[in-house]
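Asks: kindly return the folded structure for what I paste below:
(one chain, ligands or ions: 1)
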Amino acid sequence: MSDIAYLNGEFMKLAEATVSVEDRGFQFGDGVYEVIRVYDMTPHLLREHIDRLKFSATSIHLDEWLSYDEWEKIVQEGISQSGYAEAKVYIQLTRGVAPRDHRFPCTTSLTRVMTVREVEPDDLQLRKTGVSVITAQDIRWNRCDIKSLNLLPNILAKQQAIQAGMFEALFVREGFVFEGSSSTVMVVSNGVLYTPAEGPRILSGITRDWVLSVARASEIKVVEEPVSVEMMLDAQEVLLTGTIIEIMPVVKVDEYCIGDGKPGKIYHRLYQKFLSSISELRYRHVCT
Ligand code: PDD
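Replies: Below is the predicted model:
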């Protein structure tokens, strides 16, 4: 088993993959990406991830012509070459290699990179105790719906959280919370699940979508509207969702305790649903 890379049509060991210093991803952050979780060698919600990759690419005028079927083949081949059953797939598209110039290059073709690495086992202790987060000023641009490589505000906020001994940083602007540095935020108030509506201020999280449809199917009322910081601090529960963290309960925001300081009922219900959908996936894999 080993970490695998795919680079412009070829598979190789991750350590052997190199890209030019003149790649526009390196020079300008001129590209987009996706992160996909693999359960039991099966990429989870792959179609949704590839659709979002294409949306991000189109939004920055990057001509990504590989079809879903072609991407599916590449992803499956990468997973099987790695031999990892539990993995994360990272896909990155950039505007390619060209002498540094802000203008789009005329002739360059894009750089397609994919890596497959093993995922560390879930930290069960965190799920038991819940996590603590900080709030951070949202200094990002107004197209956070594009999964762009430009993550400087996100990594600065995440590092601020890590240095404070916290799990995540939640972006706040004018009294409203939008999302985490690498996660979606949801709050439970009077049994209703609230989360900011999709739009340019947040990434349309694929786990978000999944959680909201499961919540609706479980007769949990879902409201997609702006969430004020005040409402979040008064909530019974705060949840983070994301491809790698799945659903994570938050028990403290800055110095404020959320609810009774323990992972709440809605978290437990949604996470159980998540686990059973994953075990169905594993079961289907065994049967096919
Ligand atoms: N990040 N919001 C932001 C800013 C994110 O970076 C992410 C995921 C999410 C959750 O989206 P999804 O459910 O589709 O993973 C929300 C990935 C995992 C990353 O950058 O590593």
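Asks: would you say S213 is within a helix?
Replies: Yes: applying DSSP: H, G, I helix; E, B strand; the rest coil, one finds S213 inside a helix.
Asks: any idea how far E10 is from it?
Replies: 38 Å (CB to CB, to the nearest Å). Yep, even glycine has a C-beta here, placed from its N, CA and C like the rest.
Asks: please apply the same query to I74.
Replies: Relative to E10, and taking CB to CB, I74 is found at 11 Å.
Asks: looking at these two, which is more packed in?
Replies: Between I74 and E10, counting by other CB atoms under 10 Å, I74 is the more crowded of the two (18 against 9).
Asks: can you tell me the helix or strand for that one?
Replies: Taking DSSP states H and E as the criterion, I74 maps to helix 68-82.
Asks: so which bits of this structure are right by the ligand?
Replies: Residues of the chain lying close to the ligand (CB under 6 Å from any ligand atom) are 35, 154, 179, 182-184, 203, 205-208, 241-244.
Asks: buried subset of these?
Replies: Those of the residues of the chain next to the ligand that meet the buried threshold are 35, 154, 179, 182-184, 203, 205-208, 241-243, by 16 or more other CB atoms under 10 Å.
Asks: helices or strands next to the helix or strand hosting F178 in the packing?
Replies: Assessed by DSSP H and E, F178 sits inside strand 176-180. For strand 176-180, the packing partners by 3 or more CB pairs under 8 Å, 6 or more residues apart in numbering; DSSP states H and E come out as strand 168-173, strand 184-189, strand 227-228, helix 229-234.
Asks: which of the residues in the very next helix or strand once past the second one are buried?
Replies: Looking back up the chat, that one is strand 184-189. Proceeding N to C from strand 184-189, the next assigned helix or strand is strand 192-195, under DSSP H and E. Within strand 192-195, the residues that count as buried by 16+ other CB under 10 Å are L193, Y194, T195.
Asks: same for strand 192-195, what does it pack against?
Replies: Applying 3+ CB pairs under 8 Å, 6+ apart, one finds that strand 192-195 contacts strand 184-189, helix 206-217, strand 222-224.
Asks: do that again at 10 Å, thanks
Replies: strand 184-189, helix 206-217, strand 222-224, strand 227-228, strand 237-242, helix 265-287 (3 or more CB pairs under 10 Å, 6 or more residues apart in numbering; DSSP states H and E).
Asks: give me the contacts around that strand.
Replies: Strand 192-195 is contacted from outside by 177, 179, 184-188, 202, 205, 208, 211-212, 215-216, 218, 220-228, 231-232, 235-237, 239, 241, 266, 270, using CB atoms under 10 Å, 6 or more residues apart in numbering.
Asks: who touches stretch 225-232?
Replies: Stretch 225-232 is contacted from outside by 133, 135, 170, 172-178, 185-187, 189, 194-197, 199, 201, 234-235, 238, 250, 253-254, 256, 258, using CB under 10 Å, 6+ apart.
Asks: do that again at 8 Å, thanks
Replies: For stretch 225-232, the surrounding residues in contact (CB atoms under 8 Å, 6 or more residues apart in numbering) are 135, 170, 172, 175-177, 185, 187, 189, 194-197, 238, 253.
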